[in-house]
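>>> The sequence and its predicted three-dimensional model are supplied below.
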Amino acid sequence: MGSSRKGHQAEANAYVPLPVRDGVAPSYLWLTETRAGGMLRFLAERFPDVSEGAWGRRLARGGIVDAKGTPLRADSPVRAGMRIWYYRELESPETPIPFQETVLHQDQHLLVADKPHFLPTIPTGRFLHETLLVRLKKRYGLPHLTPIHRLDRETAGVVIFSHNPDSRGAYQSMFQKRVVRKVYEALAGPIEGRSFPFTYRSRMQDAEQFFVSEEVPGEPNSETVIELIERRGALAHYRLHPHTGRKHQLRLHLAALGAPILNDAFYPVALPCKGDDFNAPLQLLARAISFDDPLTGETRRFESRFRLAWPADAYSEDKLLSTA
């Protein structure tokens with residue numbers, strides 16, 4: 001249409017013409033072509049999920065600005081090379097997520113959070129304020145807070161944030177170089193015919209349904225080491241070590257092995273969306289993250305306080321997932 005990039009937070013040293021508002025950083029959009037018809041028409045066509053009336057109201061109150069902070073009007077020209085800034089807004093009220101995150105660690109560079117199930121890491125789709133990033137920005141007043149990796153909304157566990165732009169690149173590079181050690185746990189069906197631990201590899205790609213992944217023939221591009229912690233009847237408790245970070249890698253790998261994760265609505269078959277069942281969270285947990293600190297060389301490890309929830313008739317009460 002007319003854009004190629006947008007972001008929820010500006011580059012570290014770039015001028016940002018709008019401040020963080022109620023924990024929400026402004027988004028921006030680069031325009032890659034010059035178009036007739038004015039800014040209102042462009043925005044309505046570029047973002048069809050937002051009504052033209054809503055865009056008109058935002059423009060009328062000066063809520064959309066150019067790179068210098070000058071408010072744009074409905075008839076403002078659309079020119080290639082422009083960067084426009086705006087706040088993401090939802091037209092319908094958000095559904096509250098009734099689970100609370102905790103902060104495991106904070107220093108002058110990092111904030112490490114323990115994310116509950118159902119809470120998105122960053123604003124996306126129908127979620128804005130009910131996200132881990134915005135909740136933490138509001139609570140701690142850290143305008144430069146940004147995650148340096150992410151967890152699926154359905155997955156609980158450890159997420160690392162940077163709040164110091166000067167050191168952010170050093171920590172981001174750890175994930176790019178794959179020197180961060182991640183440990184997950186899952187409750188899933190039994191895997192038969194394997195000696196534990198073992199390594200599972202496959203080639204993954206986005207499926208026709210954009211929100212899931214699939215395995216295809218070809219050179220593997222995903223790898224997971226799988227350990228068995230214990231087995232109880234029709235369920236088993238696994239420790240998972242992903243050596244790559246493909247979308248839904250652990251969920252797809254276990255499903256491909258005939259052991260889908262308990263309460264997984266996507267794998268092996270994506271079920272029709274019926275809304276969240278807060279009584280049946282996906283039993284996948286980012287248990288721990290460890291790494292050698294790029295600034296000090298110190299070995300650091302952060303571990304989730306959550307626990308997976310065995311069905312009541314399969315395991316003892318003290319193993320149930322705590323959201324306290």
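That came through fine. Numbers count the residues shown, from 1 in each chain.
>>> Domain parsing of the protein, as residue ranges.
Recorded structural domains for the chain (assignment: automatic domain parsing) are 3-86, 97-324.
>>> quick one: residue 304 from residue 20, how far?
Taking C-beta to C-beta, to the nearest Å as the measure, residue 304 and residue 20 are separated by 28 Å. Heads up, the C-betas are built off the backbone N, CA and C, glycines and all.
>>> what residues does the longest helix seen in the chain touch?
Identified as the longest helix of the chain according to DSSP state H is helix 165-176. Outside helix 165-176, the residues that touch it by C-beta atoms under 8 Å, 6 or more residues apart in numbering are 12-13, 109-110, 144, 146, 148-149, 160, 162, 180, 245, 291, 294-295.
>>> Buried by neighbour count: which residues of that helix qualify?
Within helix 165-176, the residues scored as buried using 16 or more other C-beta atoms under 10 Å are 168, 171, 174, 175.
>>> do the same with stretch 49-65
Along stretch 49-65, the positions that meet the burial threshold by neighbour count (16+ other C-beta under 10 Å) are 50, 54, 55, 58, 59, 63, 64, 65.
>>> where's the closest residue to residue 179 other than its chain neighbours, which helix or strand?
Nearest residue to residue 179, sequence neighbours excluded (C-beta to C-beta, 6 or more residues apart in numbering): residue 291, at 6.4 Å. Secondary structure assignment for residue 291, by DSSP states H and E: strand 284-292.
>>> per-residue confidence averaged over that strand?
Taken as a whole, strand 284-292 carries a mean pLDDT of 98.
>>> Now do the helices in the chain.
The residue ranges that make up the helices of the chain, judged by DSSP H, are 38-46, 52-60, 132-140, 165-176, 249-256.
>>> Which among those is found nearest to residue 281?
Judged by C-beta to C-beta, the one of the helices of the chain that comes nearest to residue 281 is helix 249-256, at 13.3 Å.
>>> in this structure, what spans have low per-residue confidence?
Counting by pLDDT under 70, the ranges of the chain that qualify are 1-14, 272-274, 313-324.
>>> redo that, cut-off 50
Along the chain, segments meeting pLDDT under 50 span 1-13, 315-324.
>>> for it, what's the longest strand?
Ordering each strand of the chain by length in residues (DSSP state E) puts strand 222-232 first.
>>> Contacts for that strand next, please.
Applying C-beta under 8 Å, 6+ apart, the external contacts of strand 222-232 come out as 185, 190-191, 194, 196-204, 236-244, 246, 249-250, 253-254, 257, 310, 314-315.
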